[in-house]
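1. kindly generate the corresponding structure for this input.
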Amino acid sequence: MVALLAVPLGGCSFDLGSWGADKEKPQQIAEKPTDNISARSVNDSQGYATRGQVLAKSGKTEEALAEFDRALALDPYNVAALYGRGLVYQADKQHQEAIADFTAANGLTPQRVEPLLGRAASYLALDKTKEAAVDLDEAVQADPNSAPAWSARGQAYERLGDKTRAAESYGRALNLRPKDENARSGLARVGGKAG
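-> A predicted model of the protein is given here:
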């Protein structure tokens with residue numbers, strides 16, 4: 001079931017441009033959070049987060065984690081670094097750490113689908129299906145046009161045995177993204193009809 005979530009989540013992995021990541025190169029490395037967050041530290045933090053995203057995309061997860069840690073040492077409120085580090089933790093099956101980062105990112109940017117979807121995927125990996133369903137309910141309220149959120153919500157409700165909600169969710173996912181094979185097969189499993 002978690003493997004099925006990888007496809008919907010793949011579309012949002014490290015595409016954090018909407019969070020304003022700056023592409024300038026950082027000039028300093030800080031080891032621990034600073035007491036005063038300056039414009040420069042925020043700018044440098046964004047640079048580290050961007051570098052972390054690039055490293056993660058190329059499969060260099062240890063280096064990516066180091067860059068995300070540097071970013072967060074300079075600016076503990078850097079949502080892109082929290083989200084990116086959460087995705088790396090999730091890929092390494094460190095779901096508790098991923099949940100902590102997705103929770104922090106969600107607290108800083110309520111009503112964003114990405115952290116909710118990420119946290120839900122980790123909850124599902126840990127068999128915490130009720131918690132995942134709560135996050136996915138919030139995600140589809142935040143963005144009713146998010147096909148990945150609807151598809152993942154279908155998976156959660158299918159695991160909970162709620163075929164009605166699962167079918168509704170898979171159907172909404174298919175209406176938004178007609179070629180979503182995960183939603184199509186999920187809809188078939190719960191006995192729903194496309195359309």
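2. residues in contact with the most centrally placed residue in the chain?
-> The C-alpha lying nearest the average C-alpha coordinate of the chain belongs to Gly118 (C-alpha atoms, centre = their mean; 3.0 Å). Going by C-beta atoms under 8 Å, 6 or more residues apart in numbering, Gly118 touches 9, 83, 86-87, 90, 98, 102, 105. Backbone N, C-alpha and C define where each C-beta goes, glycine included.
3. and if you look at Ala132?
-> For Ala132, the contacting residues are 119-121, 123-124, 152, 156, by C-beta under 8 Å, 6+ apart.
4. kindly report the same for Ala156.
-> By C-beta under 8 Å, 6+ apart, Ala156 lies in contact with 120, 124, 129, 132-133, 136.
5. and the top helix by length along the chain, what does it pack against?
-> Determined from DSSP state H, the single longest helix within the chain is helix 39-57. Contacting helix 39-57 under the criterion 3 or more C-beta pairs under 8 Å, 6 or more residues apart in numbering; DSSP states H and E are the following elements: helix 61-74, helix 79-91.
6. out of those helices, deepest packed?
-> Of all the helices and strands packed on helix 39-57, helix 79-91 has the most neighbours on average by mean count of other C-beta atoms under 10 Å, namely a mean of 26.
7. which helices and strands sit right next to that one?
-> Helices and strands touching helix 79-91, by 3+ C-beta pairs under 8 Å, 6+ apart, are helix 39-57, helix 61-74, helix 95-108, helix 113-125.
8. helices and strands around the second one, which ones?
-> What it means is helix 61-74. In terms of contacts (3+ C-beta pairs under 8 Å, 6+ apart), helix 61-74 is packed against helix 39-57, helix 79-91.
9. for Thr109, what are phi and psi?
-> Thr109 adopts backbone torsions of phi -140, psi 70, taken as degrees, to the nearest 10.
10. apart from its chain neighbours, what residue comes closest to it?
-> Closest residue to Thr109 apart from its sequence neighbours, by C-beta to C-beta, 6 or more residues apart in numbering: Val79 at 5.3 Å.
11. what's the answer for Leu116, then?
-> Excluding the flanking residues, the one nearest Leu116 by C-beta to C-beta, 6+ apart is Ala139, at 4.1 Å.
12. with Gly192 instead?
-> According to C-beta to C-beta, 6+ apart, the nearest residue to Gly192 is Ala167 (3.0 Å).
13. wait, what's in contact with Leu65?
-> 52, 85, 88.
14. let's see it at 7 Å
-> For Leu65, the contact set (C-beta atoms under 7 Å, 6 or more residues apart in numbering) comprises 85, 88.
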